[in-house]
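# give the three-dimensional model of this entry:
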Amino acid sequence: MPKLAERPYRADVLAIDDTPENLQLLSQLLTDRNYKVRSVTKGRTALRAAQAAPPDLILLDINMPEMGGYEVCEQLKADERTREIPVIFISALGETLDKVRAFQVGGVDFVTKPFQVEEVLARIETHLQLCSLRQQLQAQNQQLQQEIRDRKLAQETFTKAFRASPSPIVITTLEEGRFLEVNLSFLRLSGYTRNEVIGYRINELDLGLDTRRYTEGLAQLEEAGVLQNWEFELRTKAGDHRTVLLSVELIELQGHRCALAIANDITERKRLENEFISLVSHELKTPMNSLIGALDLVGTGQLGSLTDKGQQMVTMAINNAERLVRLVNDILDLERMKSGTLTLHPKRCDLPTVFEQAATVMQAMAQSAQITLVVEPIEVQLRVDCDRIQQLLTNLLSNAIKFSSPGGTVWLTAQITEEKPRDSRQPSASPQGGEGEAARDGCVNSAPLSPAPLPSAACCLHVTVRDQGRGIPADKLRLIFERFQQVDASDARAKGGTGLGLSICQQIVQQHGGQIWAESTLGEGSTFNVLLPLGGYTPLTFSN
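Below is the predicted model of the structure:
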């Protein structure tokens, strides 16, 4: 049956009466008000008409030859095609029993002849509206039932996937960290039973989680709604340690914020990485060092004199061999840092001394490139891994010098700041939203030591390396701290870089609990910023 609003007439009405005058009156009355009217004088004919094209409403007389109105209504209600059509009886019979009988056989209303026009119209309109509402309700119920079936199917599918997943999966409340659901893979990984986990808080199980990192991770999850590739150590019930890589997403269950975490056990992968690092360290570095030593003997003439062309070839071979050794060393350093097998050795060191040593190492390079190197330290003593901090500074200075034009200046400065570094395990980004910078290289001009202003709330050492180079495009700022990334593909060839220097810098800073980022303007230069926490990592002392 078409919806009423979709047709050019208000409704399709089937009028059944054995008196033609009555039919004519009803037909005229309804047609004038934009109803479509079909008139029938016999009951059996009316049944066939209703079954062939079900109307929206039926007006039915009771007393008719061959088949009376009660029988017609009973057969209409017995047929699925016409069962829902509202039937209004219009009859001269006005006894109560007649009306009761009309309702018993399925009628929805009863109008006594002679009728009032307004009454008939009002009753017709009322039952058409009720019919329309019933159709809408049925459609909504069908839609709701379909949604329930779809949701039930989705829930069953999720439950099966959740339970059968080879990856450990857990669902916890966000605020309390209480386990709501875990799958079999997590129970196998952790060694706990379901009863030992469900309903308990994370800190009630001896999982060996780093409390500080866990708190920082929760803060990031609340801020971003997702946490990707979060690596941490998990202690099993048996006391074994497993390295796990987590992906966590903030979800809502029954009005409560929860965390859905999918884990990946990378313990074996980490072991293989460490074995590979050890293998490369021995199997590649050792023969390369022997090769460089042999080339040095040839190049210095100890094994006989060389022609100019031969000397040129030996020098080129030595340079490329040394570059390969640097690349191997950079890869080993980076992998050790990322895998956590490279241990920091913090000790007290004077910042001016560290600055001076880094500048001295880079002095020859700066002079060769005709770059002035300006060093402006502050007189402060701190506790860090001095060798790694010097490696950080020389890498940054080397980049700045390489990418500066002759006659330019590179500045190495420091100050105490109250600005706090954000989580050191996240990608380094500038305050404008960009990430670090790509590679650059300089004469040494030392500025006088400036006394460090030490406000009571001071928390960080802010080190900057600034150059006047070509600058870095905005779309590259987010890439340069990744391994083997260069601002230009020709940089590695032209500048001799490995593409790992900034990745190593980032790892050094992160291992000290700090933050590194770059700011750059094309054609004007770049500034690398390093924030190292003073109070949070190790105690410091300051000298005047």
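
# where are the low-confidence patches of this structure?
1-7, 281, 338-342, 420-458, 483-498, 535-544 (pLDDT under 70).

# what's the single longest helix in it?
Counting by DSSP state H, the longest helix found in the chain is helix 117-164.

# sheet partners, orientation included, of the very next helix or strand once past that helix?
Next helix or strand after helix 117-164 toward the C-terminus (DSSP states H and E): strand 169-173. Strand pairing for strand 169-173, using DSSP bridges, gives strand 179-182 (antiparallel), strand 256-265 (antiparallel).

# closest to Asp12 out of those strands?
For the strands paired with strand 169-173, proximity to Asp12 was assessed by CB to CB; strand 256-265 is nearest, at 52.2 Å. Backbone N, C-alpha and C define where each C-beta goes, glycine included.

# check contacts around Gln155.
Shown in contact with Gln155 (CB atoms under 8 Å, 6 or more residues apart in numbering): no residues.

# that one and Phe162, how far apart?
For Gln155, the distance to Phe162 equals 10 Å [CB to CB, to the nearest Å].

# ok, now Pro114?
Here the criterion is CB to CB. By it, Pro114 lies 71 Å from Phe162.

# higher neighbour count, those two?
Per other CB atoms under 10 Å, whichever of Pro114 and Phe162 has more neighbours is Phe162, with 16 against 7.

# spatially central residue for this protein, please.
Centroid-nearest residue in the chain, with CA atoms, centre = their mean: Val226, separated by 4.7 Å.

# what about stretch 336-354, distance to the chain center?
Relative to the mean C-alpha coordinate of its chain, stretch 336-354 is positioned 33 Å out (CA atoms, centre = their mean, to the nearest Å).

# give me the contacts around that stretch.
270, 273-274, 277, 333, 377-390, 393, 414, 449, 461, 504, 507-508, 511-512, 538, 541, 543.

# quote the end-to-end distance of that stretch.
By CA to CA, to the nearest Å, the extent of stretch 336-354 from end to end equals 23 Å.

# helices of the chain, start to end?
20-31, 43-52, 69-78, 96-104, 117-164, 184-190, 211-224, 267-283, 285-299, 308-339, 351-368, 386-402, 491-495, 501-511.

# walk me through the domains of this structure.
4-137, 165-265, 269-339, 347-533 (automatic domain parsing).

# run a quick neighbour tally on Arg48.
For Arg48, the count of nearby residues is 11 (other CB under 10 Å).

# my bad, Thr45
13.

# distance check, it against Asp18.
For Thr45 relative to Asp18 (CB to CB), the value is 11 Å.

# what's the most buried one of the strands paired with strand 169-173?
strand 179-182 (a mean of 20; mean count of other CB atoms under 10 Å).

# contacting residues for the residue of the chain positioned farthest from its centre?
Within the chain, Pro65 marks the point farthest from the mean C-alpha position, 76.3 Å out by CA atoms, centre = their mean. Residues in contact with Pro65 (CB under 8 Å, 6+ apart) are Asp18, Lys42.

# that one and Gln510, how far apart?
With distances taken as CB to CB, Pro65 is found 99 Å from Gln510.

# what's the closest of the helices of the chain to Gly239?
helix 184-190 (11.6 Å).

# list the buried residues of stretch 388-401.
388-401 (16 or more other CB atoms under 10 Å).

# cool, stretch 264-275 as well?
By 16+ other CB under 10 Å, the buried positions in stretch 264-275 come out as Asp265, Lys270, Glu273.

# dump those residues into CSV; add distance to Phe179 as well.
Output for the buried residues of stretch 264-275, formatted as CSV (distance: CB to CB, whole Å):
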residue, distance to Phe179
Asp265, 18
Lys270, 26
Glu273, 31
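
# among the residues you listed, which one sits closest to Val182?
Nearest to Val182 out of the buried residues of stretch 264-275 is Asp265 (CB to CB; 14.7 Å).

# from memory the closest one sits against Arg188, does it?
No. Asp265 is beyond contact range of Arg188, at 9.7 Å (criterion: CB atoms under 8 Å).

# name the residues of stretch 313-323 that are buried.
Val314, Ala317, Ile318, Ala321.

# dump these to JSON lines, plus distance to Leu59.
Below are the buried residues of stretch 313-323 laid out as JSON lines (distance: CB to CB, whole Å):
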{"residue": "Val314", "distance to Leu59": "113"}
{"residue": "Ala317", "distance to Leu59": "108"}
{"residue": "Ile318", "distance to Leu59": "109"}
{"residue": "Ala321", "distance to Leu59": "105"}
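
# from these, which two are the most distant?
For these, with distances taken as CB to CB, the pair at the greatest spread is Val314 and Ala321 (10.4 Å).

# quickly list what's touching both of the two.
By the contact definition CB under 8 Å, 6+ apart, Val314 and Ala321 are jointly contacted by Leu295.

# can you tell me the strand partners of the longest strand seen in the chain and which way each runs?
With DSSP state E setting the assignment, residue counts place strand 241-253 as the longest strand in the chain. Strand 241-253 has the following strand partners under DSSP bridges: strand 226-235 (antiparallel), strand 256-265 (antiparallel).

# how about those in a markdown table, adding distance to Arg194?
Output for these, formatted as a markdown table (distance: least, CB to CB, whole Å):
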| stretch | distance to Arg194 |
| --- | --- |
| strand 226-235 | 17 |
| strand 256-265 | 16 |
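
# Ile202: which of those strands is closest?
For the strands paired with strand 241-253, the distance to Ile202 is smallest for strand 256-265, at 9.9 Å, taking CB to CB.

# mind listing residues that contact the closest one?
165, 167-175, 180, 186, 189, 221, 234, 242-252.

# again with stretch 50-63
In contact with stretch 50-63 (CB under 8 Å, 6+ apart) are residues 1, 4, 11-19, 22, 26, 38, 46, 68-70, 72-73, 76, 79, 81-82, 85-93, 98, 102, 107, 124, 127-128, 131.

# okay, buried residues for that stretch please.
Within stretch 50-63, the residues that count as buried by 16+ other CB under 10 Å are Ala50, Pro54, Pro55, Asp56, Leu57, Ile58, Leu59, Leu60, Asp61, Ile62.

# please apply the same query to stretch 172-188.
172-174, 177-183, 185-187.

# again, but for stretch 273-283
Within stretch 273-283, the residues that count as buried by 16+ other CB under 10 Å are Glu273, Ile277.
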